[in-house]
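Colleague: with the sequence up front, the predicted model follows.
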Amino acid sequence: MITEMDIIKVKEFCVSVLDIQNAKLNDEYFYQSFPLCVIDSVYSIGVRYQGTKYTVIRYCEHYGLQRIRSDRGTIPLTENQESICQFIEKMESVGSEFFANRIFINSQRTSTRNGILKSEAVLQFAKILQKYRVYYLQDVPKIINNAAFENDIRTIPGQGSGISLKYFLMLSGADDLIKPDRWIKEFIKDVIVKQVSDRECQDLLSKTCEKIKTEYPNLTPRLLDNLIWNYKRN
């Protein structure tokens, strides 16, 4: 259970150790095309992020695609994005195993026990987006708080916790979400000396953000999450 004292402690610690005044999101929050958000979110679970970054880079280099948008202040026009449908066509034309070995050059699986290739999980994720007619970054509002969509994503091996789904939505532009991964939870535990659930983690950082915003009005839960992630990484 999250208390008011927990929120105050996290707020005070964040203000003391994080460079909130100069905070900005990492490059991956400004992908040029929607499918890159899928690749990143699926491949980022349970591994060092550097490997995930290079998986996305290799995909973009193979197909000659722009990775990071030129103007971070606007969403790229749909005609300047690769669509989910185009992405699915590429994957299905050669298969997810070929993609893992020859394009992503990353054969990680969703789990060491009975896991599937993360490339296959990426394809399944993309197909569910296609099912809900979510093709471009502009279409993301269709699936925000959509329980049916969330349930479908959770059926993909390795997606049951919903952590990468939240991260996918963050990469796609959702400012109010955080990714309750190991580093974020460790940060919180160090401050309040207790374990928190995924839901409590979201609740705690959202309320912490509200308190900090009185001094730093541009702060969002997504940006606070990114600040904490970078702090723990460094």
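Modeller: Yes, it's here.

Colleague: drop to CA atoms for contacts and neighbour counts, all remaining ones
Modeller: Noted.

Colleague: could you measure from the residue at minimal distance from the centre of the chain over to Phe87?
Modeller: By C-alpha atoms, centre = their mean, the chain has its centre lying nearest to Tyr167, at 2.3 Å. Applying C-alpha to C-alpha, to the nearest Å, the value for Tyr167 to Phe87 is 20 Å.

Colleague: can you check Asn22 too?
Modeller: 36 Å.

Colleague: neighbour count winner among these two?
Modeller: Set Asn22 next to Phe87 and count neighbours by other C-alpha atoms under 10 Å: Phe87 wins out with 17 against 6.

Colleague: ok now the helix or strand hosting that one, how far from the chain's centre?
Modeller: Per DSSP states H and E: Phe87 is located in helix 84-94. Remark: helix 84-94 is offset 21 Å from the chain centroid, using C-alpha atoms, centre = their mean, to the nearest Å.

Colleague: please save the CA atoms from it in PDB.
Modeller: Output of helix 84-94 as PDB, limited to C-alpha atoms (Å, rounded to 0.1, in the frame of the first residue of the first chain):
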ATOM      1  CA  ILE A  84       2.300  -1.800 -39.400                       C
ATOM      2  CA  CYS A  85       0.900  -3.500 -42.500                       C
ATOM      3  CA  GLN A  86       4.100  -2.800 -44.500                       C
ATOM      4  CA  PHE A  87       6.100  -4.200 -41.600                       C
ATOM      5  CA  ILE A  88       4.000  -7.300 -41.400                       C
ATOM      6  CA  GLU A  89       4.400  -7.900 -45.100                       C
ATOM      7  CA  LYS A  90       8.200  -7.800 -44.800                       C
ATOM      8  CA  MET A  91       8.200 -10.200 -41.900                       C
ATOM      9  CA  GLU A  92       5.800 -12.700 -43.400                       C
ATOM     10  CA  SER A  93       7.600 -12.700 -46.700                       C
ATOM     11  CA  VAL A  94      10.700 -14.300 -45.200                       C
END
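
Colleague: pull out the buried residues from it.
Modeller: 84-85, 87-88, 91 (16 or more other C-alpha atoms under 10 Å).

Colleague: switch the residues you listed over to JSON lines; also include pLDDT and distance to Tyr59.
Modeller: Output for the buried residues of helix 84-94, formatted as JSON lines (pLDDT from 0 to 100; distance: C-alpha to C-alpha, whole Å):
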{"residue": "Ile84", "pLDDT": "98", "distance to Tyr59": "14"}
{"residue": "Cys85", "pLDDT": "98", "distance to Tyr59": "16"}
{"residue": "Phe87", "pLDDT": "98", "distance to Tyr59": "11"}
{"residue": "Ile88", "pLDDT": "98", "distance to Tyr59": "13"}
{"residue": "Met91", "pLDDT": "98", "distance to Tyr59": "11"}
